[in-house]
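> This is a predicted model, with the sequence first.
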Amino acid sequence: VGNGGSEHDKRPNRFSLSFSTLDDATKLQEAAVAFEVGVQTKTHRYRGRAYRDTFVGTDAVDFLIASGLANTRRGAEAVGRALMEQYHLFEHVTNDRPFKDDYYFYRFVEPMKGHTSVSSLKSDMSNDGSSRASLMLENTAKHQQNKQKTLEEIALHFEESVKVEDRRYRLKTYKSCFVGRDAVSFLVGAYYAASRVEAVELGKRLAEELDLFEHVVQQHEFEDAYLFYRFKDADSRRTKDDKIGDLFEDVLQQDPSEDDYLFQRFKRAGNRKKKDDSAFYK
């Protein structure tokens, strides 16, 4: 069930993991605990049918990367398959798909005879004082907590934390700027984004909706690259609402009879914005 995949997906995966040593097995145990704690479930729908208490493969891969359990999406997929096959931690909703970085639905399962429960692993690692496991659980909690913050709160932390300094490129000095690549690393490292791709989208929102910063010569949008950006003065920033207001005034100057119609239209749009303001995270 899900919107993707084919029979070709069953080809051998050269990125599959083999946890043969004690250290590898310990890492997988820690990954199992962090995965069950951090991956959120909800009701998903596909072709008119509801699948309760499920999660999506792509979301699980995002979590594994954000938690430091994998460095790449293929690596995260391999970790997920190991959790699925070796710990029977979860299964596909119709039991006919392996774990994939795709829009497939999976559901956590109750411990079966012969399988170690994650709750027992969590207890064992707590008793052993595993600092690495504790760190993973702490990072998972941070990620979930920061996903609830507003765009304005993220902007404040972003502006306070991203390194700003004079930089040179092709013999020219650009005053008080930051590097896009460094800003992306901050957003991921501060648990505001689960991946660098998601961090770029969040950075674009900061630039477009809050008018927080711009490219030093206004030639590029926000990118995960060695490009220079500069924060805009607070007095010169024009938010998305300001720009809508300017559009409203421009239209009225052309046709005053549109006053009431536009007022109601923008009012409805504003109400929708209030409801959907945190949709990027929730």
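Great, that's in hand.
> Which stretches in the protein count as helices?
Along the chain, the stretches classed as helices by DSSP state H are 22-38, 57-66, 73-86, 118-128, 131-146, 151-161, 180-189, 196-209, 240-254, 259-276.
> Buried residues in the first one, which are they?
Of the residues in helix 22-38, those buried by neighbour count under the rule 16 or more other Cβ atoms under 10 Å are 26-38. Any C-beta I mention is one placed from the backbone N, CA and C, and that applies to glycine too.
> So which of the residues you listed is the closest to A66?
A66 has its nearest neighbour among the buried residues of helix 22-38 in G38, at 8.6 Å by Cβ to Cβ.
> give me the number of residues near R237?
If you count neighbours by other Cβ atoms under 10 Å, R237 ends up with 15.
> what sits against it?
Neighbouring residues of R237 by Cβ atoms under 8 Å, 6 or more residues apart in numbering: 210-212.
> A50 now?
For A50, the contact set (Cβ under 8 Å, 6+ apart) comprises 43-44.
> in the sheet, who's paired with it?
On the basis of DSSP bridges, A50 is bridged to R45.
> pLDDT weak spots in this protein?
1-26, 111-145, 147, 239-282 (pLDDT under 70).
> now do 90
Within the chain, the stretches with pLDDT under 90 are 1-40, 59, 62-73, 75, 85-89, 95-96, 109-149, 170, 184-199, 234-282.
> what about T43, how many neighbours?
9.
> Next: E85.
By other Cβ under 10 Å, 13 other residues sit near E85.
> Next one: it from S161, what distance?
Separation of E85 from S161 (Cβ to Cβ, to the nearest Å): 40 Å.
> With K42 instead?
Separation of K42 from S161 (Cβ to Cβ): 31 Å.
> same check, this time on I154
Per Cβ to Cβ, I154 is found 10 Å from S161.
> ok, those two, which is more surrounded?
Legend: neighbour count by other Cβ under 10 Å for I154 and S161, higher for I154 (23 against 13).
> Which residues are in contact with the more buried one?
Per Cβ under 8 Å, 6+ apart, neighbours of I154: 146, 192, 202, 206.
> Turn these into TSV, columns for distance to D53 and neighbour count.
TSV is the format used below for the contacts of I154 (distance: Cβ to Cβ, whole Å; neighbours: other Cβ atoms under 10 Å):
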residue	distance to D53	neighbour count
N146	24	17
Y192	27	23
L202	28	22
L206	34	20
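> can I get the residues you listed in TSV with distance to A66?
Converted to TSV, the contacts of I154 look like this (distance: Cβ to Cβ, whole Å):
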residue	distance to A66
N146	10
Y192	10
L202	13
L206	19
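> Closest one of these to T173?
Using Cβ to Cβ, L206 comes nearest to T173 of the contacts of I154, at 25.0 Å.
> Skipping its backbone neighbours, what lies nearest the closest one in space?
Once flanking residues are discounted, L206 sits nearest to L212: 4.6 Å by Cβ to Cβ, 6 or more residues apart in numbering.
> can you give me phi and psi for that neighbour?
Per-residue torsions, L212: phi -70, psi -40 (degrees, to the nearest 10).
> Out of the contacts of R237, flag the one nearest to I65.
Using Cβ to Cβ, L212 comes nearest to I65 of the contacts of R237, at 25.2 Å.
> hang on, isn't that closest one packed against K232?
Yes - if you go by Cβ atoms under 8 Å, L212 and K232 touch, sitting 6.7 Å apart.
> And those two? Which one has more around it.
Ranked by neighbour count (other Cβ under 10 Å), L212 and K232 place L212 first, with 24 against 15.
> circling back: which among the contacts of R237 gets closest to A70?
L212 (30.5 Å).
> quick one: that closest one and L227, what's the gap?
L212 sits 15 Å away from L227, going by Cβ to Cβ.
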